[in-house]
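> here are the coordinates; sequence isn't available:
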């Protein structure tokens, strides 16, 4: 049962990514036609490709963010209320 659910979720993720890719193409064409500007269409394509890359690599981004957060230095404690700091 768990294996079937995992496979179903994997198929659903693939379907969402495919839909996002098609939506990116439609948005790029729509911007190109409405604005009549290749620069605007290219900007839309570039931004959409960045979002699509982030969706495809969400596991890597999550793991990389976790490494950065866990490797961060400890926080500095603030002085107590009413305490003076410095000379």
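Great, that's in hand. Everything numeric in this text was worked out from a predicted model, so none of it was measured. Residues are numbered from 1 along each chain as shown.
> could you point out which element follows the longest helix that the chain contains?
In terms of residue count, the longest helix belonging to the chain (DSSP state H) is helix 2-35. The helix or strand immediately downstream of helix 2-35 is helix 38-56, counting by DSSP states H and E.
> hmm, who's touching the very next helix or strand once past that following helix?
Past helix 38-56, further along toward the C-terminus, the next helix or strand under DSSP H and E is helix 58-70. Helix 58-70 is touched from outside by residue 54, with contacts defined as CB atoms under 8 Å, 6 or more residues apart in numbering. To be clear about C-beta, it is placed using only N, CA and C from the backbone, and glycine gets the same treatment.
> okay, the angle between helix 58-70 and helix 2-35?
Put simply, helix 58-70 runs at 100 degrees to helix 2-35, going by axes from the mean of the first three to the mean of the last three CA atoms, to 10 degrees.
> may I see the buried residues of helix 58-70?
Residues of helix 58-70 include none that count as buried (16 or more other CB atoms under 10 Å).
> could you give the mean pLDDT of it?
Mean pLDDT, helix 58-70: 76.
> residues contacting the residue positioned nearest the centre of the chain?
Centroid-nearest residue in the chain: residue 54, 4.3 Å away (criterion: CA atoms, centre = their mean). Residues in contact with residue 54 (CB under 8 Å, 6+ apart) are residue 61.
> gap between residue 60 and residue 54?
10 Å (CB to CB, to the nearest Å).
> ignore what I typed, I meant residue 30.
For residue 30, the distance to residue 54 equals 22 Å [CB to CB].
> how many neighbours does residue 10 have?
A total of 10 residues lie near residue 10 under the criterion other CB atoms under 10 Å.
> one step back: pLDDT at the residue nearest to the centre of the chain, what is it?
90.
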